[in-house]
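In: got a predicted structure here, sequence first:
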Amino acid sequence: MKYKITTFIIMALIFMTLSFSVIAQQPADITNHWAQDYILNLLKRNIMQLDDSGNFNPDKKITRIDFGRALARQLNLTPVYEELYNDLSNYNDAGLINALNENNIMNGIGNNTFNPENFITQAQAIKVIVKAAGIKSEQEIINLYDYNSFTPIPNSDPNSNYIKIAEKIGIIDLEKPDRINPDMSLTRAEAARFISRLNLTQSNTGYISDIYPASGKIAVNLLSGQRRIFNINDETLVGRNNRIVKLDEIQQTDKIFFVANNADNLKYIKAYGMITKEDLAVEVSRITDGVLSTEEVKQLANGQYDFLGPKLTSQVEEVMLNNGLTEAEVTAIFNTNWDELNNLSRNRLSEAFAMQTGLPLDITKSILSGDWDKIKSYAEVELVQRLVMQMLSAELIS
């Protein structure tokens, strides 16, 4: 009987201690706050901390050092003890910031400087979170040029694509749309939300071994040798090399990087492998900034270039006029056979075409003179070489 009473007392003390520990981690200033659950999740795991007064200060702007420290703890990174940043010598957690840099997740601002007490914007933080999910290089990044983001940010912004990816992989919750203001400083509550949502994802690399379309599942052989089954649906974003594709366009030899949620639902697949003609057509179209579509580039590759006249005539005329030609000269150029034009006129037309499409001058001269052997040669040297080098840098053999 005495043994049972002693055991009961010990268990009660343990329960009271644990209860007090949990209660102590619930500061009054987050009660009924929209981010309360996110914050408690991180406090209980010692990812983020309270101030000396026991407050979390959810609506206060978060500094770069505090954001980096919390993220490194979430990722369970091993501190790197070397002096990378001159302005972190007095910070105990400099090793965690160094670890973020070593893993290409969060870097300094140049000149061996981190600016620890500066604030971080929402857009900058989202980019860091996406990189923390493993999406760092051309191997993992899908370019979402044409995706209409829920976040008001132009494609020209260097963080635009990362924000779009964050929407796709669930860092930004589209069921309950997060209020994202890219240029505004991130608050501690918003940091807690992003870091907590990162914990809901998993990423890895491997090869697709089987596809089960009727069941909406695929089998992936991970590089570790493990075979995993994942769910896939129409909402899964699938990319291959430099373009968005359907799942059946992924080749058996392609290596894939993927992001899934904790329920094994695939959100994001990026495959990379041998370069196809479709890849090249997309790349040439991008060089022209969309003046030539992918299908039109294919037509060019097949020697069908009659469509170029009506498509570009008015645009090229405008460029030529803006570069000093008279209307009479422009009309004469377009009404004269290419073989009869003098060298000056040829060069003016070629340069106007190049300026309008963004194509290299050698290509525009070759197109207008019908020298397709030279065009193909140029493509082999410039385009294929550049893309192959990108793939080689991604440790691919093609």
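Out: Ah, there it is.

In: what is the helix or strand in which Ile229 is found packed up against?
Out: In the assignment (DSSP states H and E), Ile229 maps to strand 227-231. Under the contact definition 3 or more Cβ pairs under 8 Å, 6 or more residues apart in numbering; DSSP states H and E, strand 227-231 sits against strand 201-212, strand 217-222. Where C-beta positions appear, they are placed from N, C-alpha and C, glycine not excepted.

In: contact partners of the shortest one?
Out: Outside strand 217-222, the residues that touch it by Cβ atoms under 8 Å, 6 or more residues apart in numbering are 204-212, 227-232, 247, 256, 258, 266.

In: can you turn the buried part of the residues you listed into a ChimeraX selection?
Out: Of these, the buried ones can be selected in ChimeraX as follows, counting by 16 or more other Cβ atoms under 10 Å:
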select :204,205,206,207,208,228,230,232,247,256,258,266
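
In: returning to what we had before: adding distance to Asn98 and mean pLDDT, write the helices and strands packed on strand 227-231 out as a markdown table.
Out: Shown next, in a markdown table, are the helices and strands packed on strand 227-231 (distance: least, Cβ to Cβ, whole Å; pLDDT from 0 to 100):
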| stretch | distance to Asn98 | mean pLDDT |
| --- | --- | --- |
| strand 201-212 | 22 | 94 |
| strand 217-222 | 29 | 95 |
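
In: the ones you listed: which one's closest to Met274?
Out: With Cβ to Cβ as the criterion, Met274 lies closest to strand 201-212 of these, at 14.1 Å.

In: and that closest one, what does it pack against?
Out: Contact here means 3+ Cβ pairs under 8 Å, 6+ apart; on that basis strand 201-212 packs against strand 217-222, strand 227-231, strand 255-261.

In: nearest to Asp146, out of those strands?
Out: Closest of the helices and strands packed on strand 201-212 to Asp146 is strand 255-261, at 20.3 Å (criterion: Cβ to Cβ).

In: past the closest one, which element shows up next along the chain?
Out: Taking DSSP H and E, what comes next after strand 255-261 is strand 266-272.

In: please name the strands paired to that next one in the sheet, noting orientation.
Out: Applying DSSP bridges, strand 266-272 is found paired with strand 237-240 (parallel), strand 255-261 (antiparallel).

In: how far away is Leu75 from Glu190?
Out: Distance of Leu75 to Glu190, given as Cβ to Cβ, to the nearest Å: 18 Å.

In: those two: who's more crowded?
Out: Just comparing Leu75 and Glu190: by other Cβ atoms under 10 Å the higher neighbour count belongs to Glu190, 26 against 19.

In: tell me the SS of the nearest residue to Pro58 once chain neighbours are set aside?
Out: Spatial nearest neighbour of Pro58, excluding adjacent residues (Cβ to Cβ, 6 or more residues apart in numbering): Ala189 at 3.7 Å. Under DSSP: H, G, I helix; E, B strand; the rest coil, Ala189 falls in the helix class.

In: which residues touch Ala189?
Out: Listed by Cβ under 8 Å, 6+ apart, the contact set of Ala189 reads Ile30, His33, Trp34, Ala35, Tyr38, Ile39, Pro58, Asp59.

In: which SSE is the fifth one in?
Out: Using DSSP H and E, Tyr38 sits within helix 36-44.

In: give the buried residues for that helix.
Out: By 16+ other Cβ under 10 Å, the buried positions in helix 36-44 come out as Gln36, Tyr38, Ile39, Leu40, Asn41, Leu42, Leu43.

In: and stretch 105-121, by the same measure?
Out: Buried residues in stretch 105-121, counted by 16+ other Cβ under 10 Å: Ile105, Met106, Gly108, Phe114, Asn115, Pro116, Phe119, Ile120, Thr121.

In: measure the fifth one to Ile163 for me?
Out: Think Asn115. According to Cβ to Cβ, Asn115 and Ile163 sit 22 Å apart.

In: next: the second one.
Out: Met106 sits 16 Å away from Ile163 when distances are taken as Cβ to Cβ.

In: please apply the same query to the last one.
Out: Taken as Cβ to Cβ, the spacing of Thr121 relative to Ile163 amounts to 11 Å.

In: tell me, what's touching those two both at once?
Out: Here Thr121 and Ile163 share the contacting residues Pro182, scored by Cβ under 8 Å, 6+ apart.

In: residues in contact with stretch 101-109: which ones?
Out: So stretch 101-109 is in contact with 68, 71, 75, 77, 80, 84-85, 97, 100, 114-115, 128, 131-132, 136-137, going by Cβ under 8 Å, 6+ apart.
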